[in-house]
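In: Kindly return the folded structure for what I paste below:
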Amino acid sequence: MKMTNYPEQNLVRTIDLAGVTGGKAKQLLETQWLVTNGLGGFASATISGMVNWRYHGILIAALPSPLGRTSMLSHVAECIRTPDGQLLQFGGDEPCFPEEKPESPNFLLQFRLENYLPFWTYNVNGILIEKRVLMLYLQNTVHLTYTVLDGPSSVQLELRPSMHFRPFEAPVNTPFTHQYEVRGKNQQFEVHSEDAFPPLRMCVAGQASHFIYDGGSTREIFYEHDADRGYESKGLLWSPGYFRIRLARNTPATLVASTEDWHTINALDPESAYNTEIERRKRLLRLADKRAQAGAAAELVLAADQFMITPAGRIKDAARARAAGDELRSVIAGYHWFTDWGRDTMISLEGLALTTGRFQEAAWILRTFAHYERDGLIPNMFPEGQNEGLYHTADATLWFFHALDRYLEMTEDLETLSSLLPTLERIIDAHLRGTRFGIGVDPRDGLLRQGQQDYQLTWMDAKVGDWVVTPRRGKAVEINALWYNALRLMEKWLRRIGKNSDADKIRGHAEKTAESFNKRFWNAETNFLFDIVDGEHGNDAALRPNQILAISLTHPVLAQEKWEPVLKVVREKLLTPVGLRSLGPDHPDFKPKYFGDLRSRDAAYHQGTVWAWLIGPFIDAWLRVYPKDQPAARKFLDGFIPHLNEGCVGSINEIFDAEPPYTPRGCIAQAWSVAEVLRSFVKVASPKS
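Out: The predicted structure follows:
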């Protein structure tokens, strides 16, 4: 396994499988890949071709509300038929033709990401075949391209698509409500259902082909990953037939699958589409900070692109943004299942959009979320297939100030500041007088409190039914660090536009907050900060990573003499090679592994589980305490390099088990994980980088 940086910004990450056997081969073959389309849609499976999770599929289309992301094409079985009639299956675990029982040993020689696009190389009894997958940017279109690199002058390739039109999060045993119907003309085929789903359109480009309709067939699939997570694990896929393609050596053939209209599908031939996408990706690398244009950081620049989206379903909001001269932009919090979340977007903005040089898109994102402000809050999330956001968050709005600060530091865009200032003033006023969910400043000490029955309003937001796993009602340490930071930023921005009397009032609130914070949150017995004060059960002395924000933000609320002891205990008890533990290992509620059914997983979600994104604030705090110790800061990122060959190749998981081997868990690609590691790589880069 290696990563090579080629000239002209070609990035190649390779996983070699030739000769790999046993448990190592199983581990590698279960590693996942991900391709996205800039709308929130994606294609993803294991590198072996196995579809073992409800979220896997060749085309998960991002469709307008109320449909949302929808599984349209689940699987493509790939076979070679030899001149003597033998059937050899080289891709996927589901047989092309079950009745023929094709030979299907592991023909896979190599998987690689080339400029972050997935390629497979197979040796099928001496026939060398390459496959690549491409999703067209801002289209629900996927291209599967096959090329014979060595062997006979031509082979017969047979591809059997299988599908189950359903919301992508629906259980795999969701029944077919209507029969599928195949319609075709001039080698262009469509699969229709009587549901609200659009037709799936398919064709083969580049080589002579025929579609053989065999009456349609259904087979049962076992979804192993769903079984491990306690969900329904057996479901049906339907196939209309198969494509038979005469594949000449060194002449590609591409299976195209799409929910777009035929004019859009045919606008670009596969090679033009591929070249256009490669140039788009190289342009992204050229835009990025120079310290992020090579090595693992460059890979993360392309990984970051997967989270920056134009929300497909919010047509009204897109029209409003364009009328104002903007474009609607947001951030997918994580693949496969997250939508766009306010908190994740604001934490991720610097790494995803600013480190990568996408300043215009950063401005669009900030203005998009400012438009959604209600009662002094920005949305926590937008549910799948809906236009309205949910606002149950105490920290997303405060992270908005942080994101704007980072944007202004890099751009000096005073026009955007001026346009957002009325929103910022409404937010501050709402927090001072109190707003939804019990969020408001306690006038006695100037600290921000939050909490409402049955809601978890901080980033530690696991909830199972009526059980809030980590109840944090009261005055949370990171909420008050963020509140102080927001006040100091607001003071600075008000002075910049000459509103000095208003700035003086804000300064008074900030000073009161800081004084109370340092009196009330410092725990002299433990030599670190309480996680909650004035909570439901008094002060919470659990060792958690939230306190690191009291040091790491632009305006640290914690008194400087307390920085080093806090950093010391966080390093000793919470730091791992892939982020920070969410709870100290000495705590009775500590859970070393995140696995099992939903209740078991959520019980561990913030009770020890490692979060990759927290490495960013930790490194910020480290360099604030030890500004000359860049080498140590760089070493804190070393564990993420081998991880790029785990989980989802080239990306970073949401979470990890709390103890070695730190198994990756949760979402296979998480926005704030990628963003904060990328940002940190740039921050700690050596002067020669």
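In: going forward, measure contacts between C-alpha atoms and count neighbours the same way
Out: Will do.
In: So in terms of bridging, what pairs with residue 219?
Out: Note on residue 219: beta-bridge partners residue 237, judged by DSSP bridges.
In: count of residues packed around the nearest residue to residue 306 once chain neighbours are set aside?
Out: Excluding its sequence neighbours, the residue lying closest to residue 306 (Cα to Cα, 6 or more residues apart in numbering) is residue 36, at 5.8 Å. Residues lying near residue 36 (other Cα atoms under 10 Å) number 28.
In: Contact partners for residue 36?
Out: When contacts are counted by Cα atoms under 8 Å, 6 or more residues apart in numbering, residue 36 touches 42-43, 135, 137, 306.
In: where does residue 259 land on pLDDT?
Out: You'll see residue 259 listed with a pLDDT of 98.
In: What about it? Give its phi and psi, please.
Out: Residue 259 has phi and psi values of phi -110, psi 0 when expressed as degrees, to the nearest 10.
In: wait, it sits on residue 140?
Out: Yes. With contacts counted by Cα atoms under 8 Å, residue 259 reaches residue 140, the gap being 5.8 Å.
In: got any residues that touch both of the two?
Out: residue 61.
In: Specify which residue of the two has the higher count of neighbours.
Out: With neighbours defined as other Cα under 10 Å, residue 259 and residue 140 compare such that residue 140 has more, 26 against 23.
In: what separates the more buried one from residue 35, distance-wise?
Out: As judged by Cα to Cα, to the nearest Å, residue 140 and residue 35 stand 12 Å apart.
In: now do residue 535
Out: As judged by Cα to Cα, residue 535 and residue 35 stand 44 Å apart.
In: And residue 189, by the same measure?
Out: Separation of residue 189 from residue 35 (Cα to Cα) stands at 24 Å.
In: In three-state terms, label residue 601 for me.
Out: Following DSSP: H, G, I helix; E, B strand; the rest coil, residue 601 is assigned to helix.
In: correct me, but it touches residue 592?
Out: No. Look at residue 601 against residue 592 with Cα under 8 Å: they stay out of range, at 11.1 Å.
In: Let me know the next secondary structure element after the helix or strand that contains residue 300.
Out: For residue 300, the host element (DSSP states H and E) is helix 295-305. Following helix 295-305 in sequence order, the next helix or strand is strand 308-309 (DSSP H and E).
In: got a list of contacts for the following helix or strand past that following strand?
Out: Using DSSP H and E, the next helix or strand after strand 308-309 towards the C-terminus is helix 315-323. Helix 315-323 is contacted from outside by 64, 327-328, 368, using Cα under 8 Å, 6+ apart.
In: list the buried ones in helix 315-323?
Out: Neighbour-count burial for helix 315-323 flags 317-318, 321 (criterion: 16 or more other Cα atoms under 10 Å).
In: Ok, stretch 393-409 next?
Out: With burial defined by 16+ other Cα under 10 Å, the residues of stretch 393-409 counted as buried are 393-405, 407.
In: before we move on, what about stretch 266-286?
Out: Judged by neighbour count (16+ other Cα under 10 Å), stretch 266-286 contains these buried residues: 270, 273-274, 277-278, 281-282, 284-286.
In: quick one: which helix or strand includes the residue in the chain sticking out farthest from the centre?
Out: Taking Cα atoms, centre = their mean, the residue of the chain most remote from its mean C-alpha position is residue 84, at 46.4 Å. Using DSSP H and E, residue 84 sits in no helix or strand.
In: Give me the pLDDT for it.
Out: If you check residue 84, the pLDDT there is 80.
In: For the closest residue to residue 522 other than its chain neighbours, grab the count of nearby residues.
Out: Computed as Cα to Cα, 6+ apart, the closest residue to residue 522 that is not its neighbour in sequence is residue 529, at 4.7 Å. A count of nearby residues for residue 529, using other Cα under 10 Å, gives 30.
In: so residue 529 sits right up against residue 545, yeah?
Out: No. Using Cα under 8 Å, residue 529 makes no contact with residue 545, being 9.8 Å away.
In: what's the spacing between residue 154 and residue 261?
Out: The spacing between residue 154 and residue 261, counted by Cα to Cα, is 32 Å.
In: Run through the residues that contact the residue most central in space within the chain.
Out: Centroid check for the chain by Cα atoms, centre = their mean gives residue 334 as the closest residue, at 2.6 Å. The contact partners of residue 334, taken as Cα under 8 Å, 6+ apart, are 307, 654, 667-671.
In: How far away from the center of its chain is stretch 656-663?
Out: In terms of Cα atoms, centre = their mean, to the nearest Å, the centre of stretch 656-663 is set 20 Å apart from its chain centre.
In: Would you mind measuring the gap between the ends of it?
Out: End-to-end distance for stretch 656-663, by Cα to Cα: 5 Å.
In: buried stuff in that stretch?
Out: Within stretch 656-663, the residues scored as buried using 16+ other Cα under 10 Å are 656-659, 662-663.
In: before we move on, what about stretch 580-591?
Out: Residues of stretch 580-591 classed as buried: 580-585, 590-591 (neighbour count, 16+ other Cα under 10 Å).
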